[in-house]
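S.K.: Have a look at this prediction, sequence included:
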Amino acid sequence: MKRYLLDTHTLLWSVSDPQKLSSKGRFILEREKCVKLLSIVSIWEISLKRSLGKLNLPVSTEEFIATSQQDLGLEIVSLELPHIYTVEGLPFHHSDPFDRLLVAQAQCEKLQIISRDDSFDAYNVSRVW
């Protein structure tokens, strides 16, 4: 079964503005025969952006994530030491620390990333959009 890791914007758009998603991204999120994963890194990024006033949500981060998990059937991917060690060896095609961690998780766990961000293509990961 295919396993997909959602980029942070993919999660946010799937809830707030699904039309921003590609048709393939929407299809995957609505399909039941795949595993949809959300990284703890994305939850951290959402929390940080909310605390800085860069992201508004109508509910708490905790409630947003719980509802998203239920509605989209998301599983949470923890941040593990191999993920962090993999970041150290990544070239700097992308400087965003959250995205670099998502790349590392995708590499370590052999996941495809659902993301509009084509900078992921410079890494050894499969990006779907």
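M.R.: Now that the structure is in, tell me what you want to look at. Just so it is clear, the model here is predicted, and its values are computed rather than measured.
S.K.: okay, CA-based contacts and neighbour counts for the rest of this
M.R.: Noted.
S.K.: Only the buried residues of stretch 63-78, if you could.
M.R.: Buried residues in stretch 63-78, defined by neighbour count with 16 or more other CA atoms under 10 Å: 64-65, 68-69, 72-74, 76-77.
S.K.: now for the helix or strand where T67 lies, which elements pack on it?
M.R.: Per DSSP states H and E: T67 is located in helix 61-72. Other helices and strands packing on helix 61-72, by 3 or more CA pairs under 8 Å, 6 or more residues apart in numbering; DSSP states H and E, are helix 40-51.
S.K.: In terms of secondary structure, what does the helix it packs on contact?
M.R.: Packed against helix 40-51 by the contact rule (3+ CA pairs under 8 Å, 6+ apart) you find helix 8-16, helix 61-72, helix 97-109.
S.K.: ok, and for it, which residues are buried?
M.R.: Buried residues in helix 40-51, counted by 16+ other CA under 10 Å: 41-43, 45-47.
S.K.: Mind picking the two most distant members of those residues?
M.R.: Greatest spatial distance among those (CA to CA): V41 and S47, at 9.8 Å.
S.K.: which secondary structure element contains I28?
M.R.: helix 23-30.
S.K.: Would you mind putting the helices and strands packed on helix 40-51 into a markdown table with mean pLDDT and distance to L55 alongside?
M.R.: Formatted as a markdown table, these follow (pLDDT from 0 to 100; distance: least, CA to CA, whole Å):
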| stretch | mean pLDDT | distance to L55 |
| --- | --- | --- |
| helix 8-16 | 95 | 10 |
| helix 61-72 | 96 | 10 |
| helix 97-109 | 97 | 16 |
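S.K.: roughly how far apart are F92 and P82?
M.R.: Taken as CA to CA, to the nearest Å, the spacing of F92 relative to P82 amounts to 18 Å.
S.K.: Flag every buried residue along the helix holding I28.
M.R.: 25-26, 28-29.
S.K.: Touching it from outside, list them.
M.R.: 14, 18, 34, 36, 72, 114, 128-129 (CA atoms under 8 Å, 6 or more residues apart in numbering).
S.K.: List buried residues within those residues.
M.R.: Neighbour-count burial (16+ other CA under 10 Å) applied to the contacts of helix 23-30 gives 14, 36, 72, 114, 128-129.
S.K.: Tabulate the residues you listed in TSV, adding columns for distance to P58.
M.R.: Conversion of these to TSV gives the following (distance: CA to CA, whole Å):
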residue	distance to P58
S14	15
K36	23
L72	18
I114	24
V128	28
W129	27
